[in-house]
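In: Have a look; sequence and predicted model below, questions after that.
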Amino acid sequence: MAARPNRIAAIVLVGLVALGIIIAGHQIRNSRLSKTTSPAELFANGEIRIGVDASFPPFAFVNDDELVGIDIDLGRAIGEALGMPVRFVNMGFDGLYDSLKANQVDILISALLVDPLRQDNVLYTRSYFDAGLVLVSNPDNVIEDMGELSGHVLAYEFGSSADSEARRWLRRIHPFEIHPYERPEYAMDAVRLGQADAALVDAISARLYLREYNDTWDAQIHYVTESIFAIATRRDRPDQWRVVNRALQTLFEDGRLDTILNRWL
């Protein structure tokens with residue numbers, strides 16, 4: 001699946017470390033905040049204004065003049081969990097963080113990768129999806145790790161982050177054969193049809209593809225890298241971060257987050 005520039009990309013180790021620091025530090029800090037403050041008091045406009053870029057299916061897109069997708073369902077579920085109405089503000093991806101800073105929106109739910117360079121102004125919630133690279137292989141020849149590829153055939157999308165990852169591993173282990181394809185779907189076709197032993201693709205592409213073959217192909221998926229999607233809030237409004245993060249955690253624990261993801265992926 002084609003991603004917007006820099007969306008499913010390599011902010012991996014630094015981003016994850018930053019995520020841990022941000023969340024751990026503010027969990028401690030916010031444990032001292034008033035637990036009696038209601039969401040209605042925290043969102044002064046009487047609603048949660050959610051910034052979104054509706055050009056990235058299946059996370060957010062326009063269908064028959066209506067906003068739909070994972071991020072839309074997630075925003076509504078968070079509003080329900082907090083007992084607050086939500087309003088989505090659709091804009092280009094480049095304007096999302098500026099709109100948050102300018103108080104045009106309260107939070108951002110738009111398949112955002114955790115960006116450590118923005119931590120001076122933004123607080124990120126816990127993750128709600130990992131869009132990292134995965135290995136897709138057949139059940140009778142499961143390949144769980146890049147280190148197991150020696151002597152095998154790996155398919156991937158040419159010029160993608162999977163291409164870079166594959167070539168990096170070619171320098172680390174005994175050789176394996178590489179088959180680049182024009183699209184990630186073609187790479188997974190190659191595995192399903194026995195032309196490759198594994199495909200290295202992003203998790204979004206893998207889940208969308210496997211939905212179509214759920215009844216006929218028992219493919220195995222194992223993560224290789226991590227690309228964490230999270231909700232962004234203003235750093236100077238930690239109470240908002242606290243209630244949104246808590247609502248997201250509730251959706252994770254009661255299974256509603258999985259229900260949303262499984263509806264679209």
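Out: Looks like it came in fine. Just so you know, these numbers come straight off a predicted model, no measurement behind them.

In: going forward, measure contacts between C-alpha atoms and count neighbours the same way
Out: Fine.

In: What count of nearby residues applies to Leu261?
Out: 19 (other CA atoms under 10 Å).

In: Specify the local secondary structure of it.
Out: helix (DSSP: H, G, I helix; E, B strand; the rest coil).

In: Got the confidence number for the closest residue to Ile109 other than its chain neighbours?
Out: Once flanking residues are discounted, Ile109 sits nearest to Ile231: 5.1 Å by CA to CA, 6 or more residues apart in numbering. Ile231 carries a pLDDT value of 98.

In: burial of Ile231, as a residue count?
Out: Neighbour tally, Ile231, other CA under 10 Å: 26.

In: and the host helix or strand of it, which strands flank it?
Out: Here Ile231, judged by DSSP states H and E, is contained in strand 228-234. Next to strand 228-234 in the sheet, as set by DSSP bridges, lie strand 107-113 (antiparallel), strand 122-130 (antiparallel).

In: what's the offset of stretch 133-152 from the middle of its chain?
Out: Relative to its parent chain, stretch 133-152 has a centroid offset of 23 Å by CA atoms, centre = their mean, to the nearest Å.

In: gap between the two ends of it?
Out: Using CA to CA, to the nearest Å, one end of stretch 133-152 lies 18 Å from the other.

In: now do stretch 178-192
Out: Note: stretch 178-192 ends 16 Å apart using CA to CA.

In: Other residues contacting it?
Out: Contact partners of stretch 178-192, identified using CA atoms under 8 Å, 6 or more residues apart in numbering, comprise 1, 136-138, 153-158, 163, 166, 196-201, 205-206, 209, 217.

In: any idea where the helices of the stretch 101-250 of the chain begin and end?
Out: For the stretch 101-250 of the chain, applying DSSP state H, counting those that start in this stretch gives helices covering 161-170, 184-192, 203-212, 238-253.

In: of all those helices, which lies closest to Glu177?
Out: Glu177 lies closest to helix 161-170 among the helices of the stretch 101-250 of the chain, at 9.1 Å (CA to CA).

In: quick one: buried residues of the closest one?
Out: 161-163, 165-166, 169-170 (16 or more other CA atoms under 10 Å).

In: in the stretch 101-250 of the chain, which ranges drop under the pLDDT threshold?
Out: For the stretch 101-250 of the chain, no stretch is flagged by pLDDT under 70.

In: Run through who's touching the strand holding Ile231.
Out: 16, 100-101, 106-114, 121-132, 240-241.

In: Turn the buried ones among the residues you listed into a named ChimeraX selection, would you?
Out: To isolate the buried members of the contacts of strand 228-234 in ChimeraX, using 16+ other CA under 10 Å:
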select :16,100,101,106,107,108,109,110,111,112,113,114,122,123,124,125,126,127,128,129,130,131,132,240,241
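
In: about what we covered before: distance to Val142 added to the strands paired with strand 228-234, as JSON lines?
Out: Formatted as JSON lines, these follow (distance: least, CA to CA, whole Å):
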{"stretch": "strand 107-113", "distance to Val142": "29"}
{"stretch": "strand 122-130", "distance to Val142": "21"}
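
In: What segments of the stretch 1-150 of the chain are strands?
Out: 48-52, 61-63, 66-68, 86-90, 107-113, 122-130, 133-137 (DSSP state E, counting those that start in this stretch).
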